[in-house]
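> Give me coordinates for this.
(2 chains)
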Amino acid sequence: EPEVTQTPSHQVTQMGQEVILRCVPISNHLYFYWYRQILGQKVEFLVSFYNNEISEKSEIFDDQFSVERPDGSNFTLKIRSTKLEDSAMYFCASSEGTGPAYEQYFGPGTRLTVT
Amino acid sequence: AQSVTQLGSHVSVSEGALVLLRCNYSSSVPPYLFWYVQYPNQGLQLLLKYTSAATLVKGINGFEAEFKKSETSFHLTKPSAHMSDAAEYFCAVSVEAAGNKLTFGGGTRVLVKP
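Have a look, this model is predicted:
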């Protein structure tokens, strides 16, 4: 069964460093998402992406964040200058279509630890 | 804006007993509601969803949920817990106007005792 994959599973970085989290969505999906979950808190929407553009972003997704689909398979989330509060589990998801009727398939997550 | 509240961050059930996970939502427009499950070291997997068809929704692994508009609830149940049901469960809401954005509850971790 097709699945969303994410690398690395765990990333440790120092405050102020740039990190890139990588995701490979399901191959025929067109819509891509990033969510994050700070330890002990809710899973929060960050951004959605379609046709090489951001469709929607949350207030969390400020100028320190960017997303890119550099080739036909990868979808990346870059944090330009990490802060301690960026420590969280980051989930990538993809869906075939837009709207609530389309299931979002989630990857296993990347745990980011900023020290 | 939409929101979801899950009552109980941890639930412990005996194997064979009823599993009941509570979810209440807030939305000013008709909602779409979802239950996801997360097993250790895995991604969130969709258990079931309500998309304005039948109010009683059946999902995978014997789970079902009932949409009750009057109570703004979407509680998840399973008649008989199995050891393999030990996981974290998330309720989520979306609306047409919000595109694909899912708004999640805080999650409920289920422990199944033999």
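
> Tell me where chain B has strands.
Listed in chain order, the strands of chain B (DSSP state E) span residues B:3-7, B:10-14, B:19-26, B:32-38, B:44-50, B:56-58, B:64-68, B:73-78, B:87-94, B:103-104, B:108-113.

> Sorry, wrong one. I was asking about chain A.
A:5-7, A:10-13, A:19-24, A:31-37, A:43-50, A:53-57, A:65-68, A:75-79, A:88-95, A:105-106, A:110-114.

> What's the mean pLDDT across the third one?
If you average the pLDDT over strand A:19-24, you get 97.

> residue closest to the middle of chain A?
Among the residues of chain A, the one closest to the centroid is residue A:34, at 3.1 Å (C-alpha atoms, centre = their mean).

> What about the nearest residue to that one once chain neighbours are set aside, how many residues nearby?
Using C-beta to C-beta, 6 or more residues apart in numbering or on different chains and skipping the chain neighbours, the partner closest in space to residue A:34 is residue A:46 (4.3 Å). For the C-beta atoms, the positions are set from N, CA and C on the backbone; glycine is no exception. Neighbours of residue A:46 under the rule other C-beta atoms under 10 Å in any protein chain shown: 22.

> doesn't residue A:57 make contact with residue A:46?
Yes. Judged on C-beta atoms under 8 Å, residue A:46 makes contact with residue A:57 at a distance of 6.9 Å.

> Kindly reformat the strands of chain B as a markdown table containing mean neighbour count and distance to residue A:65.
Below are those laid out as a markdown table (neighbours: other C-beta atoms under 10 Å in any protein chain shown; distance: least, C-beta to C-beta, whole Å):
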| stretch | mean neighbour count | distance to residue A:65 |
| --- | --- | --- |
| strand B:3-7 | 17 | 23 |
| strand B:10-14 | 14 | 32 |
| strand B:19-26 | 18 | 27 |
| strand B:32-38 | 24 | 23 |
| strand B:44-50 | 20 | 21 |
| strand B:56-58 | 14 | 35 |
| strand B:64-68 | 18 | 33 |
| strand B:73-78 | 21 | 31 |
| strand B:87-94 | 24 | 22 |
| strand B:103-104 | 22 | 19 |
| strand B:108-113 | 16 | 29 |
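
> Give me the pLDDT for the residue nearest in space to the middle of chain B.
The centre of chain B sits closest to residue B:35, judged by C-alpha atoms, centre = their mean, with a distance of 3.4 Å. Predicted confidence (pLDDT) for residue B:35: 97.

> Quick check: closest non-adjacent residue to it.
Per C-beta to C-beta, 6+ apart, closest to residue B:35 is residue B:47, 4.3 Å.

> Quick check: the nearest residue to residue B:12 once chain neighbours are set aside vs residue B:37, distance?
In space, and not counting its chain neighbours, residue B:12 is closest to residue B:111: 4.6 Å by C-beta to C-beta, 6+ apart. According to C-beta to C-beta, to the nearest Å, residue B:111 and residue B:37 sit 14 Å apart.
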